[in-house]
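J.: predicted model and sequence follow; I will ask about them next.
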Amino acid sequence: MRILVTGAAGFIASHVADRFLSLGHDVAVVDNLSTGRRENVASGARLVEGDIASPEVAAFIGDFKPEIVDHHAAHADVRQSVADPLHDAQTNVLGTIGLLQASAAAGVRKFIFVSSGGAIYGDPTTVPCTEDTIPQPVSPYAASKEAGEVYVKTFSRIYGMDYTILRYPNVYGPRQHPYTEEGQVVSLFARLMLEHKQPTIFGDGEQERDFVYVGDIVEANALALEHGSGGTFNIGWGVGVTVNDLARRLKAITGYEGEIGYAPARPGEVLRIALDATRARLDLGWQPRTPLDQGLRNVVEWVAEERANGSGQ
């Protein structure tokens, strides 16, 4: 199949593109390289550098005529979305609309949309959340992801384009940039601990997240190529892990003997979230397989290798 993957110079989507290529698909990548790294782009994939809603990208989609569009590209910084919601919406809402429009015009068969189960449910009263839990965004980023879901369904009704929506949890793994804070707590803490520097937890550390290893996320995308027609799916373990517990596990793996710092909680962040993935198990045939400690060890090894090779910001 011909597959277009957006954002595949970045963390998660680069792994997804790798998997699609290994399955023998013809893969093209769209990325503006604002946060992604050119070296993450899979060997054998065509890279189109540009914004997802640009005329150049639309023209490429018209020429390439992908059967599948797997849309990962997004502005994913919760704090920045609070500070500048207009910029967030320009990328996550208008960008998604532009990509949908180009996809419909090119006759794309299916649109896989990456949403954020870790954000759109807000602070639910019952955890884990199912797909029937009513979204209550507490950040413009989360609101933009919910809006993206609505537009995907709307374009499907207008143009008959199939779709699958994947609501991600907190994803971690190799290639997660270890020099930025937003959404990168595992790799950031791993780097700081390996450098014997103090990591900082924002809030009291008892906030809970559903951490899923990137390899398991890749599997969900691979299954979505042929399954999950017209469906929305939580991807998660269904169990929250506190940031304090995460830090303790990383201390044990890295051998860090220092203290953990604490700072005031940041606006727009949820307190407790976990995602019930029963529907994904039944309809996609997906379930998480990588235990947290094994995944954390993989990240620590990758960060250590990056440091040894002199890779930096």
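T.: Alright, I've got the coordinates.

J.: which stretches of the stretch 1-150 of the chain form helices?
T.: 11-22, 55-64, 78-83, 85-89, 95-105, 117-120, 140-159 (DSSP state H, counting those that start in this stretch).

J.: identify the residues contacting the first one?
T.: Contacts of helix 11-22 from elsewhere in the structure, counted by CB atoms under 8 Å, 6 or more residues apart in numbering, are 3, 5-8, 27, 29, 36, 40-45, 70, 72-73, 114, 168, 171, 173, 175-177, 214-215, 217-219, 221-222, 225. In this view, the C-beta of every residue, glycine as well, is placed from N, C-alpha and C.

J.: using neighbour counts, trim these to the buried set.
T.: 3, 5-8, 27, 29, 36, 40-42, 45, 70, 72-73, 114, 168, 171, 173, 175-177, 214-215, 217-219, 221-222, 225 (16 or more other CB atoms under 10 Å).

J.: quick one, strands of this protein?
T.: 2-6, 26-31, 46-49, 68-71, 110-116, 162-168, 170-172, 200-202, 208-209, 211-213, 231-234, 241-242, 261-263 (DSSP state E).

J.: which strands and helices sit next to the fourth one?
T.: Strand 68-71 is packed against strand 2-6, helix 11-22, helix 95-105, strand 110-116, with contacts defined by 3 or more CB pairs under 8 Å, 6 or more residues apart in numbering; DSSP states H and E.

J.: adjacent strands (with direction) for that strand?
T.: strand 2-6 (parallel), strand 110-116 (parallel) (DSSP bridges).

J.: out of those strands, which is closest to residue 208?
T.: Residue 208 lies closest to strand 110-116 among those, at 15.7 Å (CB to CB).

J.: now the strands of the chain in TSV, with distance to residue 58 and mean pLDDT?
T.: Converted to TSV, these look like this (distance: least, CB to CB, whole Å; pLDDT from 0 to 100):
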stretch	distance to residue 58	mean pLDDT
strand 2-6	12	98
strand 26-31	10	97
strand 46-49	11	95
strand 68-71	12	98
strand 110-116	15	97
strand 162-168	19	98
strand 170-172	28	95
strand 200-202	39	94
strand 208-209	36	95
strand 211-213	33	98
strand 231-234	26	98
strand 241-242	41	97
strand 261-263	43	96
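
J.: dump those strands to TSV, plus distance to residue 255.
T.: Converted to TSV, the strands of the chain look like this (distance: least, CB to CB, whole Å):
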stretch	distance to residue 255
strand 2-6	37
strand 26-31	36
strand 46-49	39
strand 68-71	38
strand 110-116	33
strand 162-168	31
strand 170-172	19
strand 200-202	19
strand 208-209	24
strand 211-213	21
strand 231-234	35
strand 241-242	21
strand 261-263	18
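
J.: closest one to residue 296 among those?
T.: strand 170-172 (7.8 Å).

J.: so what touches that closest one?
T.: 11-12, 118, 183, 185-187, 209-214, 217, 295-296, 299.

J.: how close does the closest residue to residue 105 other than its chain neighbours sit to residue 71?
T.: Nearest residue to residue 105, sequence neighbours excluded (CB to CB, 6 or more residues apart in numbering): residue 62, at 6.5 Å. According to CB to CB, to the nearest Å, residue 62 and residue 71 sit 17 Å apart.

J.: neighbour count for the two, which is higher?
T.: residue 71 (25 against 13; other CB atoms under 10 Å).

J.: where's the more buried one relative to residue 3, distance?
T.: From residue 71 over to residue 3 (counting by CB to CB), the distance is 11 Å.

J.: burial count for the closest residue to residue 94 other than its chain neighbours?
T.: Distances taken as CB to CB, 6+ apart put residue 53 closest to residue 94, at 6.1 Å, once the chain neighbours are dropped. By the measure other CB under 10 Å, the count of residues near residue 53 is 19.

J.: one more: residue 156?
T.: There are 17 residues near residue 156, going by other CB under 10 Å.

J.: so what does the worst-scoring helix or strand of the chain on mean pLDDT touch, helix or strand wise?
T.: The helix or strand of the chain with the lowest confidence, counting by mean pLDDT, DSSP states H and E, is helix 78-83 at a mean of 89. Under the contact criterion of 3+ CB pairs under 8 Å, 6+ apart, helix 78-83 touches helix 85-89, helix 140-159.

J.: pull the contacting residues for residue 38.
T.: Here residue 38 is in contact with 9, 47 (CB under 8 Å, 6+ apart).

J.: any idea how far residue 191 is from it?
T.: From residue 38 to residue 191 the distance is 21 Å (CB to CB).

J.: where does the stretch 51-200 of the chain dip in pLDDT?
T.: 178-183 (pLDDT under 70).

J.: mind checking how far the residue lying closest to residue 175 once chain neighbours are set aside is from residue 164?
T.: Closest residue in space to residue 175, ignoring its immediate chain neighbours: residue 11 at 4.8 Å, by CB to CB, 6+ apart. Separation of residue 11 from residue 164 (CB to CB): 20 Å.

J.: having no further points to raise, I will conclude here.
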